[in-house]
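Q: Return atomic coordinates for the entry below.
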Amino acid sequence: MTINDSPQPAPRRGKVLEALARAERKVFTRPAPKSAKAQVKSFLTRAKGSTQALAERLGVSRRTVERYRAGKLTTPQKRLQAALVQETESEWQPQVRAQARHQAATSSGMMVDVTAYFGFTCTGSSDDGHERRSITTAISPTYAKQILELQEAGATDEDLHPIVAEAITESSFTEWGTRAVCLRADFTHVLEIWFRF
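A: Modelled structure (predicted):
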């Protein structure tokens with residue numbers, strides 16, 4: 001294997017995508033597998049036993065997958081451990097996650113707690129953009145649906161920023177259209193963000 005053929009580390013999720021993943025983990029009714037052996041076995045069940053497909057997905061050799069399945073290897077390197085955890089949690093309890101996502105997109109919406117920079121534009125506005133700390137607000141089902149659909153379609157954090165900014169502007173800054181109707185917020189430099197279904 002040459003340097004160019006070596007597996008590349010999985011791309012890191014941005015803060016918004018990671019916050020959505022954390023929110024999904026909170027709805028699990030039982031814990032996801034923790035050991036590398038259990039995680040590999042869980043994957044192989046879903047992949048119909050294809051060690052080659054799992055190896056390609058994780059960026060390791062087929063032999064490595066077989067060793068973890070047999071319990072001969074137990075402590076993965078950091079990159080592999082992160083990939084195993086991320087992949088396991090992304091596929092764990094799909095029906096439970098789907099139910100929570102459906103409810104958020106159709107009836108309950110989501111809650112968001114965020115510290116980020118908001119820049120504002122509005123005719124006659126005197127409110128300059130700056131960092132806003134600990135904004136906790138509801139996101140309507142309409143916006144929750146758009147955010148979740150974008151996430152499912154493979155959107156990046158940068159793709160999600162405008163829609164999350166609109167959702168927060170609607171509920172927190174314009175109070176559902178009852179004031180500052182023309183206000184538009186740009187959402188950048190996210191320091192912390194948490195979603196709740």
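
Q: Val60 versus Ala83, what's the distance?
A: Distance of Ala83 to Val60, given as C-beta to C-beta, to the nearest Å: 9 Å. The C-beta positions use only the backbone N, C-alpha and C, and glycine is treated the same way.

Q: Let me see the domain layout of this protein.
A: 12-100, 108-196 (automatic domain parsing).

Q: And the first one, how far out from the chain middle?
A: Pointing back at domain 12-100 there. The chain centroid and the centroid of domain 12-100 are separated by 15 Å under C-alpha atoms, centre = their mean, to the nearest Å.

Q: Return the member of the domains of the chain having the minimum mean pLDDT.
A: Among the domains of the chain, domain 108-196 has the lowest mean pLDDT, at a mean of 82.

Q: Do me a favour and get the end-to-end distance for that domain?
A: The first and final residues of domain 108-196 sit 11 Å from each other (C-alpha to C-alpha, to the nearest Å).

Q: Confirm Phe195 sits in a strand?
A: Yes - under DSSP: H, G, I helix; E, B strand; the rest coil, Phe195 falls within a strand.

Q: and it, how many neighbours does it have?
A: Neighbour count of Phe195, defined by other C-beta atoms under 10 Å: 23.

Q: from memory it sits against Arg101, does it?
A: No - taking C-beta atoms under 8 Å as the definition, Phe195 is not a contact partner of Arg101, at 11.1 Å.

Q: and the longest helix along the chain, which residues are buried?
A: The single longest helix within the chain, with elements called by DSSP state H, is helix 78-91. Neighbour-count burial for helix 78-91 flags Leu80, Ala83, Leu84, Val85, Glu87, Thr88, Glu89 (criterion: 16 or more other C-beta atoms under 10 Å).

Q: what angle sits between the helix or strand following that helix and helix 78-91?
A: On the C-terminal side of helix 78-91, the nearest following helix or strand under DSSP states H and E is helix 94-103. Angle of helix 94-103 versus helix 78-91, following axes from the mean of the first three to the mean of the last three C-alpha atoms, to 10 degrees, is 70 degrees.

Q: C-terminal to helix 94-103, what's the next element?
A: strand 110-121.
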